[in-house]
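Undergrad: I would like to see how this sequence folds:
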Amino acid sequence: MWKDYSVNYLKKNKSTAVSIMVAVLVASMFISFLCTLFYNMRIDDMERIKADEGDWQVRITAALSDDEIKIIENFANVDKVIQSESIEVYFIKPSDIYEDMPLIAEKLNINSDDIEYHSSLLQKQFIYSKENGEQPMPIELLYGAIILMMCASLIMIIKNAFSFSMNTRIRQLGILQSVGATPKQLRAVMVQEALVLSIPSVVAGIAAGVGLDALFIKYANTFTSQIGLQGAKLHYHIVLFIATFAVTMLTVLVSIWLPARKLSKSESIELVKGQTIKKVKRIRKYKLFSKLFGVEGELARKSIYVRRKEFRTATICLMLSFFVLSIFLNFMTISEISTSKSYWNRYENVWDIMVEVKGESPDDKILNKIRKTENISSAQLYKTMNFQTVLTETDLSDELIENGGYKTMNTNAKQNDNGDYVINAPVLILDDYSFEQYCAENNIVNRKDNYPNSVVVNKIGKVLYYDSDDSESIPFIKVDDDFSLNLLMQSDSEKVNVIGYSQNVPQIRKDFDKYSLLQIMSESSYNTLTDVGSADTFYININTNADDNLAETENEIKQILGDKFNYTIENRVDAYDTNVQMYGGYKSIITMICAILACIGISNVFANTLGYMQQRKREFAEYQSIGVTPKSTAKILSIEALVIGVKPILLSIPFNILFILLTTSDNGITLSEFLQNAPILPTIIFAIIMLLAIALSYYISGKKILNANIADVLKDDAIK
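TA: The predicted structure follows:
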């Protein structure tokens, strides 16, 4: 049956076979592109984590003997053990880490607090700790949802291609069934035909998808190279090919099965007569379209209603593509405005060059050389340490109590068993020279003794940063010349004498939480504390007299620091340009992904308008037989195209408005500020491209319909 019927049919109907192969190729290409893209994003994340944090899986901080380490090495699932500052354990099957490591800990009496799992890396391998309630990240669920949505959309596109092929041979299938072919045999024939056409297309589509990813990564690397970041590489694996092939073939098989099952269940006489399509019993009235566009408008709207199931995929894909793009562009615009307000504008006069030093910090000699460099007006070395302190109600200022107290202002306030407040008390440590300058600017006398002393930034109510507005801030604690704070250390607490109070944060590029009690200390004073640990990251905040020479000044600082220090350096102008380029890169990448979603929707429109051409020819031939002119026919088709294109855009607008209202208010941005920077032009361009693509599909369809011979179309040689 296969040789005598299917092979002969495929040879004589090459255009139908080609349309199926093209539909499958496009579908497999999109699926391959997304699968490969998400796989590469995951691999790049893993590589970044390994570069920043190491590739260890479990870290033991407790001291272990050589015998105990030997026991770990001999554990069945342990691959290797590396001793460095801590003990790093690598497993053969990482998926069993959360079951095997507790067994090792129990055998060696290792406290759970001394075991650290590299959860950020393990989660990228889809390994989660049930005990800690870990679960897939929202972004990973989003990736899965996009793939499923893509498959569902492509099922409809491929289904339309197969449906068109099967509908052209309904009478043949009916005759086969009438002479003894069973529904199972008919389904088998149709599935065999589809597989023969699909498998080469799937392989070619997967290869094309990988090629698109290679081009995409190359394009993305043009942005990363501009901002000095390492470019991504294309990663691929045989398992990824197998998974992509399996997903694509499953999509194809579902697409085949749906129309094949429907046709195989139809009665022989229905197939011979070509009466497999159910007529819509009741069609809604569209009075608004009649008033706006006349009878052509109502006919167009009713035609879309009759074929609403066929266009459902197109509507969903087009709406999602436009919605995702517009939401993302709006989000990026709000983010840019917020970043400008809270970062670039806030710190515009605070820093020109920033040096981040890890490990050993520069001494006073190096700092003095930097300060004496031409065009440099100031240079402050600082580091931050996070501590907590305890305050009682009597320590709070009168103004804070009048405003309802600390708990009213900070609803998440922590209290100890005595009811006292446990307050975050970060310490900003300045080099001695900068601390002297800070005290002088705030009329505070520095106590140069061997006791830890600090200056308290005494305000609450606004984020603490240099030159912050004090109009909405009030004093945090009472001013007391003999006041001291107890900093909670790792194992104990230590008293710090408060030598002064200020409303000013030093001129550095950093802000602090509005509910924290910020302290400023000199490096010498901080070093008198015990049991505090040491920060391994230092910053040099540098101001200059001229923005034009920042690159030259940056090079001079590099020469002063030499190769002795492990540091990174950036200047404000280059950092701003980098930020702009990164935002531009993000927008381009998301626009490309949204364009792919739009292509799926547009492909569905093409599949419907061109795939059901014969039915539409008969429909419009009947219209023309009762007096509808070619001009009216063109108007009907134009209105259909307009409705199909505009509907997804209109559906996404309310969600965009709601998103804008919520996010602008949350970020302290006025609606007028947003509207001045709203991404109207790129959104309109994307919408126009969508509409033009849909218009093109209807133009091709309309041209064939108008050129058709009415008499030939209306001939009906079906058995009556």
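
Undergrad: rest of the way, CA atoms for contacts and neighbours
TA: OK.

Undergrad: Could you name the helices and strands sitting against the longest helix anywhere in the chain?
TA: Determined from DSSP state H, the single longest helix within the chain is helix 183-226. Packing contacts for helix 183-226, counted by 3 or more C-alpha pairs under 8 Å, 6 or more residues apart in numbering; DSSP states H and E, involve helix 14-53, helix 170-178, helix 238-264, helix 572-611.

Undergrad: Confidence-wise, which of the ones you listed is weakest overall?
TA: Ranked by mean pLDDT, the helices and strands packed on helix 183-226 end with helix 170-178 at the bottom, a mean of 61.

Undergrad: Next, the angle from the longest helix of the chain to helix 14-53.
TA: In terms of direction (axes from the mean of the first three to the mean of the last three C-alpha atoms, to 10 degrees), helix 183-226 departs from helix 14-53 by 40 degrees.

Undergrad: What mean pLDDT does helix 183-226 get?
TA: The pLDDT scores in helix 183-226 average 79.

Undergrad: quick check, distance from that helix to the centre of its chain.
TA: When C-alpha coordinates are averaged (C-alpha atoms, centre = their mean, to the nearest Å), helix 183-226 and its chain have centres 24 Å apart.

Undergrad: and it with helix 238-264, angle?
TA: Angle, helix 183-226 to helix 238-264, by the same axes, to 10 degrees: 140 degrees.

Undergrad: Can you give me the neighbour number for Gly297?
TA: By other C-alpha atoms under 10 Å, the residues close to Gly297 number 25.

Undergrad: Kindly apply the preceding question to Asn416 instead.
TA: Asn416, neighbours per other C-alpha under 10 Å, totals 9.

Undergrad: Give me the phi and psi for it.
TA: Per-residue torsions, Asn416: phi -90, psi -170 (degrees, to the nearest 10).

Undergrad: Same check on Tyr451?
TA: Per degrees, to the nearest 10, the backbone of Tyr451 is at phi -110, psi 150.

Undergrad: show me the contacts for it.
TA: For Tyr451, the contacting residues are 496-497, 525, 528, by C-alpha atoms under 8 Å, 6 or more residues apart in numbering.

Undergrad: Give the next helix or strand downstream of the helix-or-strand element of the chain with minimal mean pLDDT.
TA: In the chain, no helix or strand scores lower on mean pLDDT, DSSP states H and E than helix 268-273, which sits at a mean of 48. The first helix or strand that comes after helix 268-273 along the chain, using DSSP states H and E, is helix 287-293.

Undergrad: Contacts made by stretch 200-212 with the rest, please.
TA: Applying C-alpha under 8 Å, 6+ apart, the contact partners of stretch 200-212 are 21-22, 24-34, 36, 241, 244-245, 248-249.

Undergrad: Please repeat the previous calculation with a cut-off of 10 Å.
TA: Counting by C-alpha atoms under 10 Å, 6 or more residues apart in numbering, the neighbours of stretch 200-212 from elsewhere in the structure are 20-37, 195, 198-199, 213-218, 234-236, 241, 244-245, 248-249, 252.

Undergrad: Show me which residues of it are buried.
TA: For stretch 200-212, a neighbour-count test (16 or more other C-alpha atoms under 10 Å) marks 201-212 as buried.

Undergrad: What of stretch 235-249?
TA: Those would be 235, 241, 244-245, 247-249, for stretch 235-249 by 16+ other C-alpha under 10 Å.

Undergrad: of those residues, closest to Tyr465?
TA: Nearest to Tyr465, judged by C-alpha to C-alpha, of these is His235 at 43.6 Å.

Undergrad: I'd guess the closest one is in a helix, am I close?
TA: No. According to DSSP: H, G, I helix; E, B strand; the rest coil, His235 belongs to no helix; its state is coil.

Undergrad: residue contacts, it?
TA: Counted by C-alpha under 10 Å, 6+ apart, His235 has contacts 36-37, 39-41, 43-44, 210, 213-214.

Undergrad: Whichever of those end up buried, select them in ChimeraX.
TA: Under the burial definition 16+ other C-alpha under 10 Å, those of the contacts of His235 that qualify are selected in ChimeraX by:
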select :36,37,39,40,43,44,210,213,214
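
Undergrad: which two from the contacts of His235 end up farthest apart in space?
TA: Asp44 and Val210 (16.3 Å).

Undergrad: Same list (the helices and strands packed on helix 183-226) but as CSV, adding distance to Ala413.
TA: Rendered in CSV, the data for the helices and strands packed on helix 183-226 read as follows (distance: least, C-alpha to C-alpha, whole Å):
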stretch, distance to Ala413
helix 14-53, 33
helix 170-178, 73
helix 238-264, 49
helix 572-611, 35
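
Undergrad: just so I know, which of those helices lies nearest Asp79?
TA: Using C-alpha to C-alpha, the helices and strands packed on helix 183-226 put helix 14-53 closest to Asp79, at 17.8 Å.

Undergrad: could you check the angle helix 572-611 makes with the closest one?
TA: Using the same axes, to 10 degrees: helix 14-53 against helix 572-611 is 160 degrees.
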